[in-house]
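Asks: pasting a predicted model and its sequence here:
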Amino acid sequence: MKGILLVNIGTPAVCSKTAVGKFMGDMLSDPLITGMPEWISRFLARKIIAPFSSGRSLNKYRQIWRKEEPLISPLIYNMQKLAQSLEEKKNIPVEIAMRYGEPTIEQGLKRLEKRCPLIHEVIIFPLYPHYAQSTTQTTIDEIGRIFYKRAHSYRLKLVEPYFNHPAFINALVKNAAPYLEDIDKLVFSYHSLPVDQVEAAWKKGKEFDYVYQVKETNRLFCEKIKIPLQYTLLLYASQRGNNWLKPFLVTDIADLPRLGWKRVAVIAPGFPVDNLETLFDIDIQAREIFMKAGGEKFVFVPSLNYSDDWIEAIWKITLGV
Ligand SMILES: C=CC1=C(C)c2cc3[nH]c(cc4nc(cc5[nH]c(cc1n2)c(C)c5CCC(=O)O)C(CCC(=O)O)=C4C)c(C)c3C=C
Ligand SMILES: [Fe+2]
C-alpha cells in the first residue's frame, strides 16, 4: 500500500504570542533559513528575533486566523481539506505535516504507518512548487534526520519541484481565469529570498534555480491562458531584508496606478494553499497600499487550496504522468 504526506512550511498551533514566538523561533533557528551557523541562528532566533518580532507577526495572524469553526490557522485548515479530498477522490491514505510546528514530519509519517501497517511506499509531496533551500532543501534534510534515527520498512519517494508540470499549470489557469476579467495588469507575486541563497543554488543548475523556475511558471501560465507576458509583472513579497529578490510587492504595487494600471489582479503560484503570506501580505497589505495609491480595483486570486483541478494535478505529479 502507498500513502501520501503533504508537507508545508508550518504555522503556529494557536493564535497567541507564545505560539507565534515558538513557530518563529523553530523556523529561524534553521541554518538553511538564515544562512548562518546553527548556534548563531538558534541564539538570534530564540533570544532576539522571536521575542521582539513575534508581536508584529501575531498582529498579522490575528487578521487572517479563521473566525469560524474550526478556529485554526488557514494554512492547516486548507491542508486538512486538501488531504481529505485527495484521500476520498483517489482512495489513498493522505496525512499532512509541517517542517516547523505540528504535526511534524515524523508525526505525519507515524500516522501513516499506524493507519497502514503494510505501507510499502510513502510519497512526500511538498507544497512548494519551486526549489528553495529554505523550503525544499530543509524538508529533504529533515527527512534525512528522521530516517537516520530509526529504521523504516517502506520506500520513500520525494516529489521534485513541479513548477512546470502541465497539470499544475492547468490547475493554476482554471483557478485564476474567473478573476482575470476587466483588469489592466496581472501581478505574479512570489516569496522573496535572500539574493546570496538564490545565487548559490542557481549555480548548481536549473533544478535549483528559483528565479528561472518562477519565470517558467509565469511563462507557461501565460501561454496556457493566452495572455501576453508583457501584460504581467513579477514582484517579490515578504522580504526580510534589503538584499532580497526585488522588485518588492509592497513598494512597486504603489507605482502601478500612476503608470495607468489602476485595476490589477494578484496571483501567488508559489503558494498552493492560502496562508499568512497570501491572506495578509497580498490580500490585506498590498491591497491597502495599492488602493491608497489611487488604485481602483484589486483582485486577489486565491490559492489552489483543495480545488478539483489541484487534486488531479497532485495525482498526476505524484504518478509522474
Ligand atoms: C515559498 C515559500 C516560502 C519561502 C521560500 C519562505 C522563505 C522564508 N521565510 C522566512 C521567514 C518567515 N516565514 C514565515 C512564515 C511563512 N513562510 C512561508 C513560506 C515560505 N517562506 C509560509 C507559508 C509561512 C507561514 C504561513 C502561515 O502560518 O500561514 C515567518 C513567520 C511569520 C511572519 O511574520 O511572516 C517567518 C519569520 C525566511 C527568513 C525565509 C527565507 C530565507
Ligand atoms: Fe517564510
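Replies: Arrived safely, thanks for sending. Numbers count the residues shown, from 1 in each chain. Ligands and ions are numbered 1, 2, ... in the order given.

Asks: wondering if stretch 20-38 reaches ligand 1 at all.
Replies: Yes. Judged by Cβ under 6 Å from any ligand atom, stretch 20-38 comes into contact with ligand 1 through 24, 27-28, 33. For the C-beta atoms, the positions are set from N, CA and C on the backbone; glycine is no exception.

Asks: what's the helix or strand of the chain with the lowest mean pLDDT packed up against?
Replies: The weakest-scoring helix or strand in the chain, judged by mean pLDDT, DSSP states H and E, is helix 38-43 (a mean of 86). For helix 38-43, the packing partners by 3 or more Cβ pairs under 8 Å, 6 or more residues apart in numbering; DSSP states H and E come out as helix 31-34.

Asks: which stretches of the stretch 101-250 of the chain form strands?
Replies: In the stretch 101-250 of the chain, the segments counted as strands under DSSP state E, counting those that start in this stretch are 121-126, 155-158, 185-191, 232-237.

Asks: out of these, which is closest to ligand 1?
Replies: Distance to ligand 1, taken as Cβ to the nearest ligand atom, is lowest for strand 185-191 among the strands of the stretch 101-250 of the chain, at 3.9 Å.

Asks: which residues sit against that closest one?
Replies: Contacts to strand 185-191, defined as Cβ atoms under 8 Å, 6 or more residues apart in numbering, come from residues 130, 132, 180, 214, 217-218, 221, 227, 231-238, 245, 249, 253, 256, 261, 263-271, 277, 282, 286.

Asks: check whether the lengthiest strand in the chain contacts ligand 1.
Replies: The longest strand of the chain (DSSP state E) is strand 2-10. Yes. If you take Cβ under 6 Å from any ligand atom as the test, strand 2-10 does meet ligand 1, through residue 9.

Asks: other SSEs contacting that strand?
Replies: So strand 2-10, by 3+ Cβ pairs under 8 Å, 6+ apart, packs with helix 17-28, helix 74-90, strand 94-100, helix 105-115, strand 121-126.

Asks: of these, flag the one that's most buried.
Replies: Across the helices and strands packed on strand 2-10, averaging neighbours per residue (mean count of other Cβ atoms under 10 Å) puts strand 94-100 on top, at a mean of 24.

Asks: Provide the contact partners of it at residue level.
Replies: With contacts defined as Cβ under 8 Å, 6+ apart, strand 94-100 is touched by 3-11, 23, 26-27, 30, 76, 79-80, 82-84, 86-87, 103-105, 107-109, 111-112, 115, 135, 138-139, 142.

Asks: contact residues of the stretch 151-300 of the chain facing ligand 1?
Replies: 191, 193-194, 240, 270, 275-277.

Asks: what's stretch 76-87 in contact with?
Replies: Against stretch 76-87 from outside (Cβ under 8 Å, 6+ apart): 4, 6, 8, 11, 66, 70, 92-96, 127, 273-275, 303, 305-306, 310-311, 314-315.

Asks: for ChimeraX, what selects the buried ones among those residues?
Replies: In ChimeraX, a selection of the buried entries from those looks like this (16 or more other Cβ atoms under 10 Å):
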select :4,6,8,11,92,93,94,95,96,127,273,274,275,303,305,306,310,311,314,315
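
Asks: how far is stretch 59-69 from where the chain is centred?
Replies: Relative to the mean C-alpha coordinate of its chain, stretch 59-69 is positioned 18 Å out (Cα atoms, centre = their mean, to the nearest Å).

Asks: buried residues in it?
Replies: Quick answer for stretch 59-69 (16+ other Cβ under 10 Å): 60-61, 64-65.
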